[in-house]
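Novice: Any chance you can model this:
(2 chains)
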Amino acid sequence: GAGVSQSPRYKVAKRGQDVALRCDPISGHVSLFWYQQALGQGPEFLTYFQNEAQLDKSGLPSDRFFAERPEGSVSTLKIQRTQQEDSAVYLCASSLDSAGGHNEQFFGPGTRLTVL
Amino acid sequence: AQKVTQAQTEISVVEKEDVTLDCVYETRDTTYYLFWYKQPPSGELVFLIRRNSFDEQNEISGRYSWNFQKSTSSFNFTITASQVVDSAVYFCALSEDILTGGGNKLTFGTGTQLKVEL
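Specialist: The predicted model follows:
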């Protein structure tokens, strides 16, 4: 497809379940970002990949959050033992940048996670 | 640490009115980039503009214009002759220069909800 896609679009999990959120970036985009957007707030940075290398994971809120991008394209954000405070929209973005660039990031539609 | 403040939580205007959305930022870097994104009800963030810290020229794109003032650390966004389709949440964002360790991750403000009514 032409844009960033994410799946599933909606996920309901019971507290304590593990979830996996998928992101398909725009083909050829080097950089991939994950953001968390709570209701009524701006997106907050979680983690950043340059190709398959995770260069910044400073925004991950706890060790229950794990992200990977093994082949430098598709990425998965995994949340273990979900808690109610994990309920949010998880946004994926990709950019043509390699190091040093600040081109615009293209965002996917997000995955809305609700933890009951 | 970098910070973006959008003090206006919600603005309501009548169609054809002009409206300005405020954005104030904080950064210790001399090289940085400012962005505006639009988030319509569908939820997907749409890129509007990027400006680097060395380019203080104001920009106009159709009904949209941006006023960048380093002296007041502001990057305000004006919509002229607003339309109902402009109704959305608008986010201002900042990224610092990657060479100083900030990476090109975006720091967003809390957004301004714009409602344009007939």
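Novice: who's in contact with residue B:115?
Specialist: Shown in contact with residue B:115 (Cβ atoms under 8 Å, 6 or more residues apart in numbering or on different chains): B:10-13, B:87. For glycine as for every other residue, the C-beta is placed from the backbone atoms N, C-alpha and C.
Novice: Give the pairing partners of the host helix or strand of it; include direction for each.
Specialist: For residue B:115, the enclosing helix or strand under DSSP states H and E is strand B:112-117. Paired neighbours of strand B:112-117 in the sheet (DSSP bridges): strand B:10-14 (parallel), strand B:88-96 (antiparallel).
Novice: In TSV, list those along with mean pLDDT and mean neighbour count.
Specialist: Putting those into TSV (pLDDT from 0 to 100; neighbours: other Cβ atoms under 10 Å in any protein chain shown) gives the following:
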stretch	mean pLDDT	mean neighbour count
strand B:10-14	97	13
strand B:88-96	94	24
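Novice: Chain B contacts on chain A?
Specialist: Counting by Cβ under 8 Å from any Cβ of the partner chain, the positions of chain A adjacent to chain B are A:31, A:33, A:35, A:40-45, A:48, A:55-56, A:59, A:89, A:91, A:93, A:95, A:97, A:99-110.
Novice: Sitting in strands, which of the residues you listed do you find?
Specialist: Using DSSP state E, the members of the residues of chain A next to chain B that fall in strands are A:31, A:33, A:35, A:44-45, A:48, A:55-56, A:89, A:91, A:93, A:95, A:106-107.
Novice: And the furthest pair within the residues you listed?
Specialist: Within those, A:55 and A:89 form the most distant pair, 23.5 Å apart (Cβ to Cβ).
Novice: Find the residue at the geometric middle of chain A.
Specialist: residue A:34 (3.1 Å; Cα atoms, centre = their mean).
Novice: Please identify the nearest residue in space to it, excluding sequence neighbours.
Specialist: Excluding its sequence neighbours, the residue lying closest to residue A:34 (Cβ to Cβ, 6 or more residues apart in numbering or on different chains) is residue A:46, at 4.2 Å.
Novice: give me the number of residues near that neighbour?
Specialist: For residue A:46, the neighbour count with other Cβ atoms under 10 Å in any protein chain shown is 22.
Novice: so what's residue 80 up against?
Specialist: I went with chain A, as the question did not name one. A:18, A:64-66.
Novice: not what I meant, chain B
Specialist: If a contact means Cβ under 8 Å, 6+ apart, then residue B:80 has B:18, B:63-65 as its contacts.
Novice: Swap in 10 Å and give it another go.
Specialist: Applying Cβ atoms under 10 Å, 6 or more residues apart in numbering or on different chains, we find residue B:80 in contact with B:16-20, B:60, B:62-65.
Novice: Which of those residues sits closest to residue B:41?
Specialist: Nearest member of the contacts of residue B:80 to residue B:41, counting by Cβ to Cβ, is residue B:19, at 18.0 Å.
Novice: Pull up the per-residue confidence for residue 62.
Specialist: Reading this off chain A. On the pLDDT scale, residue A:62 is placed at 94.
Novice: nope, chain B
Specialist: 93.
Novice: now residue B:4
Specialist: Looking at residue B:4, the pLDDT reads 97.
Novice: right, and it touches residue B:110 too?
Specialist: Yes. Between residue B:4 and residue B:110 there is a contact under Cβ atoms under 10 Å: 8.3 Å.
Novice: More neighbours: those two, which one.
Specialist: A direct count of neighbours by other Cβ under 10 Å for residue B:4 and residue B:110 places residue B:4 higher, at 24 against 16.
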